[in-house]
Structure formats: C-alpha cells, structure tokens
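Chemist: Model the following, please.
(one chain, ligands or ions: 1)
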Amino acid sequence: MRLIMVSFKRFLFFSSIVLSFAACQKSGGHAGDPTSRPALNLDRSAFRQTVDGKQTDLYILQNDHGMQVAITNYGGHIVGIWVPDRNGHFADVVLGYDSLSGYLHGPDNYFGALVGRYANRIAKGKFTLDGKSYSLPINSGGNTLHGGTKGFDSMVWDARQLNGRNLLLTLDSKDMDQGFPGNLHVQVLYTLTENNSLRIEYTAITDKPTVINLTNHAYFNLKGAGNGKITDHILMINADRFTPVDSTMIPTGQIAPVKDTPFDFTRPTRIGARINADNIQIKYAHGYDDNFVLNKKMRGQLSLAARVYEPTTGRVLEVYTTEPGVQFYTSNYLNAIGKDGNHYQIRSAFALETEHYPDSPNHANFPSTELKPGQIFYSVTIDRFSTREKN
Ligand code: BGC
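Modeler: Here you go, the predicted model:
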C-alpha cells in the first residue's frame, strides 16, 4: 500500500485523472470484433438483478488479441478470464458461477471477489486503533475472515464501464460497517491492456482512522476452470520469507525463512511436490494457505510477486504488485458446482491474493494497514498472461 496525503478536493481531482487516463487508453485502440473470435460463454441477463436496492450486471472487457475479462459489480467478482494457450486455443482460466444466483447462494468461496475492508484474517475479530477497541463479526474458526459476514465481496458496487477496456467500481462503506471505523470511499479500476494483462488499481479515502487491506480473490486454473487439479502447475514465488501461523491460521508474528521448507518457491517448483509434506503449517491449512513476504528493493514498489506455468497448455500467469505480501491458497476445502456445471473440488484452483499480511492491526512488526483522514490508499496488482513453448 502506498499512502499519499491529500485533501478530499484533490482526491476528486485524482479520480478525474484516473478517468481521463482510462479514456486515453480507449483512443489507443479499438475492441476486436467480438463475433470473429470465440468468446466467454456467459449470459449477461443471468447477472441482472436488484440486490439491496441496487442493479447488478455483468461487464465484459476485451482487447485486440481476443482476451476477455467478465466482471460483475456484485462484489466486483471476476467471473471469467478468457486467454489463449500456446496453440491459440482459448479457455476460461478462473473459477466462478454462470449466474448471479451462484454468487448470492452458492458456497462462500470468494470466487474472483474484491475482498475488503480487511482481506484475510483478524484474530478473534478484535483490534485497537488510537487507544479504541473495535470488534468485528466472527466468521471463520473464531476469527474474522475477509472483512466479516458481509464484506465488500457481497456488496453491490457502483459501476461505470468507461470503454471496452476499463471498468470503474466504487463503493461507500459506512462508518462502523462490519465494525470498522470511518466512512470509507473505495474505487477499483479494472483495466485490460494490449499485452494481455488485467490491471487492478485500488484507491480509498476515509474520514476517520481505520484499517484497510484490499485484494482480489481470483481462483486460477491455467488448464481451464473445471479442468482437473492445479498440482502440476509450476510455481515461482518471489519471497525468501513467510509468516507462519498458529492452529487458528493467525500469524505468530514471526517472519521466517522459506529455505529448506515446503514454502521455498524461489525456484520454479510443482505446486503438488510438497503439498502433503509432514509440516505443521501444511497440516493446519490442509495444503497451502500462507502469506509470503515479497522480496522488494523498496516498500510499495511494483514488482514480480509470482509466476505460474502450466506445462500442457503453455499458459503462464505473472502477478505483479505494490503490496508487501501474497497469500498463496490451494483451494483446500473447495466443493462447488460452477460454470458449465463443472464440479470444482479441492486443489482444482490456486489463488494468489496480493495484500498486506494477515492480522497486521495486531502485529506492530508488520507493515501498517492504517489509513488516516487526508491520506489516499493506493495499491496496484497486475495479472499478466502469456504462453511458453514446450521445453
Ligand atoms: C484464505 C483461506 C480461506 C479462503 C476462502 C483465503 O484467502 O486464506 O483461509 O479459506 O480464502 O476462500
């Protein structure tokens, strides 16, 4: 997270820069003819509904190379990402549902969701800020997970599709929403670029000191959603250290080296190679569900967090972020019927959630997640897709 000190007026000015930047990008190219290429098989009308008195919808971004990204303003969920393999065959590489009703009533998997106000866990749902104690709803093993029982993933965001490449989502989270202090105004700009990248930019301001940790919870399977397990994907994580947890998945506060552990992904390694290792952290999580401390030259630098290669299709995903950490999760409990009737099971997807470390408000040695009035929260993550030839 980068914090920029500004007045509210300057924030509005900043927002208008974001919008004009998006508009300029539009004039840089024209959307490809959607009829000439295969496309995501999603019915927009299945996402149109009134929820909490607001209209939900599905928005499609497309670039000149046929890459498509589908996003709903219900929870900002990325519903589909359509990318080619090394032979030019397209597939949808994220898990999700065919209709809004899956997101409303399906098992709570956070498929592609915008997660907030605080992504990941806060121990026992409690933290103290400026001497005041706050209590949040408990929704996961005695702790608060992903912002509480009604986090940003289940709110209807205001949407503005600026052009074929950009979608701007905004949300006003009220003072004491899920127990968090401060009226928080959040903007998320999704941009699809010509180098097959999905850029996610987060900005936020508050009128009282609060804590904030925003991420996207896309579940990837580079073979295609519903197409088996991800254990043969090859993963590199640019992290020499990670934050071990206790049996309730709360960081102990220690920042430990990955060397000589199943968490060493500094060299490309099969996800499944050590996923059943005799290791207490693996046992607590039933696989990987860990925060990695990203190697960075400078705090807030946009740098490579992880690279994933799927050998049979040649698809490669690179994740870049300004965030200090990434939560690597191997869908350890997944059991849901998703798009095209596919049964998603454990290990059928991985998530790389770029974020601050779990439970940071309760660990003074972790980078701070506090946001004060007059500051702008700013964070960027880029998911870049490409392909690689067979070795
Ligand atoms: C968490 C997991 C949790 C999952 C739910 C992940 O971000 O780290 O512990 O079960 O989200 O989808």
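Chemist: so Leu189 is in which element?
Modeler: Element membership for Leu189 (DSSP states H and E) is strand 184-192.
Chemist: Direction included, what does that strand pair up with?
Modeler: Strand 184-192 pairs in its sheet with strand 166-173 (antiparallel), strand 197-206 (antiparallel), by DSSP bridges.
Chemist: Please enumerate residues in contact with the shortest one?
Modeler: Think strand 166-173. The contact list for strand 166-173, computed with CB atoms under 8 Å, 6 or more residues apart in numbering, reads 18-19, 22, 25-26, 59, 61, 71, 73, 76, 114, 116-117, 152, 155, 157-162, 180, 183-192. From N, CA and C alone the C-beta is placed, and that goes for glycine too.
Chemist: Would you check that Lys124 makes contact with Ser140?
Modeler: No: if you go by CB atoms under 8 Å, Lys124 and Ser140 don't touch, sitting 11.1 Å apart.
Chemist: how about the residues of the protein near the ligand?
Modeler: Neighbours of the ligand within the chain, by CB under 6 Å from any ligand atom: 109-110, 249, 289, 327, 329, 353.
Chemist: For PyMOL, write a command that selects the buried ones of these.
Modeler: Burial among the residues of the chain next to the ligand is assessed by 16 or more other CB atoms under 10 Å; the matching PyMOL selection reads:
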select buried, resi 109+110+249+289+327+329+353
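Chemist: who's Val245 bridged to?
Modeler: In this structure, Val245 bridges to Pro251 when assessed by DSSP bridges.
Chemist: Confirm Trp82 sits in a helix?
Modeler: No: counting by DSSP: H, G, I helix; E, B strand; the rest coil, one finds Trp82 to be strand, located in no helix.
Chemist: Tell me what it is bridged to.
Modeler: Gln68, Asp92.
Chemist: Helices of the protein, start to end?
Modeler: 8-27, 100-105, 280-285 (DSSP state H).
Chemist: quick one on the thing from earlier: can you redo the strands paired with strand 184-192 as JSON lines with mean pLDDT and mean neighbour count?
Modeler: Compiled in JSON lines, these are given as follows (pLDDT from 0 to 100; neighbours: other CB atoms under 10 Å):
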{"stretch": "strand 166-173", "mean pLDDT": "98", "mean neighbour count": "20"}
{"stretch": "strand 197-206", "mean pLDDT": "98", "mean neighbour count": "22"}
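Chemist: a markdown table for the ones you listed, including distance to Arg270?
Modeler: Formatted as a markdown table, those follow (distance: least, CB to CB, whole Å):
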| stretch | distance to Arg270 |
| --- | --- |
| strand 166-173 | 35 |
| strand 197-206 | 25 |
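Chemist: between these, which gets nearest to Lys54?
Modeler: Nearest to Lys54 among those is strand 166-173; the distance by CB to CB comes to 10.7 Å.
Chemist: ok, back up a step: just checking, which of the residues of the chain next to the ligand belong to strands?
Modeler: Judged by DSSP state E, the residues of the chain next to the ligand include 289, 327, 329, 353 as members of strands.
Chemist: Widest-spaced pair of the residues of the chain next to the ligand?
Modeler: The farthest-apart pair in the residues of the chain next to the ligand, when distances are taken by CB to CB, is Asn109 and Met249, at 16.5 Å.
Chemist: For His105, give me its contacts.
Modeler: Contacts of His105 (CB under 8 Å, 6+ apart): none.
Chemist: List the contacts of the closest residue to Ala239 other than its chain neighbours.
Modeler: Setting aside the residues directly before and after it, Ala239 is nearest to Phe292 in space (CB to CB, 6 or more residues apart in numbering), at 3.7 Å. Counting by CB under 8 Å, 6+ apart, Phe292 makes contact with 237, 239, 241-242, 258, 263, 265, 305, 325-328.
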